[in-house]
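**Student:** Okay, predicted coordinates and the sequence, questions at the end:
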Amino acid sequence: MEEAARTSVLSSHWRHLWKATPLRQDFLSDEETVSRIFNSHHGPIKSLCLSLLPSSRALSTDRLLETAVQRGIPKLTLFCYRTTTYELPTFLLRCNSLHHLSLSYCRFPKTLPPSIFPNLKELRLTCVPPDNNLFQFLLPNCVSLETLHLISKSTREAPVISISSPTLRKLVFDRLVYDWEFRLEFIVKDAPNLESLMIGEYGTRYCTVKVLDAPKLQLLGFLCVAFKVLQLGGTLLQQQPASVFQVNAMPCRITMLSSVKTLAIKMEHSYDKTILDLLRCFPCLENLYILKYKGSCDKNYLDKSIWDEHGFLSFLGHLKTVTVKGFYGNQSDVELVRYLVVHGMVLRKITLLCSKGFSQKFAEDKKRQFCIEKRASSDLELVFLRDAKSNVHFSLWNELIFFEKAR
């Protein structure tokens, strides 16, 4: 009781301290709640999450954001419901204190100021209508931008997305929902400092993806092998119109992306030839992630000679780790792993995240089929794990896997 009484007496002396303490409002709140907080708290604002309801008024939203800007806000999240359209005010675009900005279902004004988000480090756009003119103006003028997340809804928003930025280091592109009619042309045109390009598992499916100039790129994926057109530098891979199971012959001169150390691909059907053509473009690859689903490799399309005729490829002299998510142990799965086992000179570990039917007997049987006694690397370790309990081994990519996000 004495402690409670002492606290009650002292608390009256602490109230003014709360009003001056930097405010971190990290939970999504509506305008009315945020307005009450601002009226009772007059200190600096470190972060704000604002939810704009269909009943929200642009004028009152502008006032709240203006207050946040005046108090030097570095981190802002704006979420609009689909029926709400909110146009960003010019004073927000010129905000010097913003370092992190997340926008959902908002839109940029048609006329942009010459200087945009001068100190912004990270920008996340979810279902923000990203017409190509916006990117052509926005990215070169965000002189401090290092990380960009683009979460798209459909190609009706932007059939072509072209990225050029002198400062961008990490680019993430994904779909909010899966759409079979999704058709997109995604181009990394000029990104001299880009190190990481992460694409959702369906982000390249039946789409055109071009990485034209990214000399420092170290991490790339997912590349879905069911792409429409994939261009890596001067190397062009294109599916034949007559059949999605064929790929055009590789050009004589192949552009090598020697900077890429980590690659993730998504396999559909067999596409073994496509995968090998793709891997030839990454001679210094060290970490390979493969995402597969049941039925993605039908034995009717498998041609074992495809693997054998290629023999040793450059990337096999650098490859250290391989992780396969959705390993079912069918013939195509076995041929893929066998090829890596027999030719991977410095391969240290192959982790197979197995789906239903996994058992110790299953693992031992597959090891024999892999020709483990012929392994090129004496340090090679083969690990079989149950897929459902092994997400940590694929954690780098889990946020980009459609079915993982849907759980």
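**Tutor:** Perfect, I can see it now.
**Student:** per-residue confidence for the closest residue in space to Gln369 that isn't next to it in sequence?
**Tutor:** Of all residues not flanking Gln369 in the chain, Val334 sits nearest, at 4.9 Å (CB to CB, 6 or more residues apart in numbering). For every residue, glycine as well, the C-beta is placed using N, CA and C. Residue-level confidence at Val334 comes out at 89, pLDDT.
**Student:** thought Val334 was touching Arg368?
**Tutor:** No. Counting by CB atoms under 8 Å, Val334 sits too far from Arg368 to count as a contact (10.1 Å).
**Student:** what about those two, which has more around it?
**Tutor:** Neighbours per residue (other CB atoms under 10 Å) separate Val334 from Arg368, with Val334 holding more: 20 against 9.
**Student:** Name the SS class of the more buried one, please.
**Tutor:** Per DSSP: H, G, I helix; E, B strand; the rest coil, the secondary structure class of Val334 is helix.
**Student:** rewinding a little: show me what contacts the residue nearest to Gln369?
**Tutor:** Applying CB atoms under 8 Å, 6 or more residues apart in numbering to Val334 gives the contacts 366, 369-370.
**Student:** out of the residues you listed, who has the most neighbours?
**Tutor:** Scoring those on neighbours with other CB under 10 Å, the highest-scoring entry is Phe370 at 23 neighbours.
**Student:** What residues does it make contact with?
**Tutor:** Shown here is Phe370, whose contacts under the criterion CB under 8 Å, 6+ apart are 334, 337-338, 341, 382.
**Student:** Using CSV, lay out the residues you listed together with distance to Gly200 and secondary structure.
**Tutor:** Formatted as CSV, the contacts of Phe370 follow (distance: CB to CB, whole Å; DSSP: H, G, I helix; E, B strand; the rest coil):
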residue, distance to Gly200, secondary structure
Val334, 28, helix
Val337, 25, helix
Arg338, 30, helix
Val341, 30, helix
Leu382, 29, strand
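**Student:** By neighbour count, which of the residues you listed wins?
**Tutor:** Val337 (25 neighbours).
**Student:** Distance of the closest residue to that one other than its chain neighbours relative to Glu32?
**Tutor:** Closest residue to Val337 apart from its sequence neighbours, by CB to CB, 6+ apart: Phe370 at 5.3 Å. In this structure, Phe370 and Glu32 are separated by 62 Å, where distance is defined by CB to CB, to the nearest Å.
**Student:** for Leu380, same thing?
**Tutor:** Separation of Leu380 from Glu32 (CB to CB) stands at 61 Å.
**Student:** More neighbours: which of these two?
**Tutor:** Leu380 (18 against 12).
**Student:** quick one: contacts of the host helix or strand of Leu223?
**Tutor:** Using DSSP states H and E, Leu223 sits in strand 219-224. When contacts are taken as CB under 8 Å, 6+ apart, the neighbours of strand 219-224 outside the stretch itself are 195-205, 209, 211, 230, 257, 260-266, 268, 278, 289, 291, 397, 400.
**Student:** quick one: it to chain centroid distance?
**Tutor:** Taking CA atoms, centre = their mean, to the nearest Å, the mean C-alpha location of strand 219-224 is offset from the chain mean by 9 Å.
**Student:** partners of it, with directions?
**Tutor:** Taking DSSP bridges as the criterion, strand 219-224 sits next to strand 196-199 (parallel), strand 262-266 (parallel) in its sheet.
**Student:** Let's have the ones you listed in TSV, adding mean neighbour count, distance to Leu120 and mean pLDDT.
**Tutor:** Rendered in TSV, the data for the strands paired with strand 219-224 read as follows (neighbours: other CB atoms under 10 Å; distance: least, CB to CB, whole Å; pLDDT from 0 to 100):
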stretch	mean neighbour count	distance to Leu120	mean pLDDT
strand 196-199	22	18	93
strand 262-266	23	27	92
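**Student:** need the ones you listed in TSV with distance to Leu237, can you?
**Tutor:** Output for the strands paired with strand 219-224, formatted as TSV (distance: least, CB to CB, whole Å):
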stretch	distance to Leu237
strand 196-199	15
strand 262-266	12
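**Student:** Figure out which of those is closest to Lys75.
**Tutor:** Distance to Lys75, taken as CB to CB, is lowest for strand 196-199 among those, at 21.2 Å.
**Student:** Following the chain onward from the closest one, which element is next?
**Tutor:** Towards the C-terminus, the helix or strand next in line after strand 196-199, according to DSSP H and E, is strand 208-211.
**Student:** what bits of the stretch 151-300 of the chain have low per-residue confidence?
**Tutor:** When the per-residue scores of the stretch 151-300 of the chain are filtered using pLDDT under 70, the ranges that remain are 154-158, 176-183, 203, 206, 226, 239-255, 268-273, 293-300.
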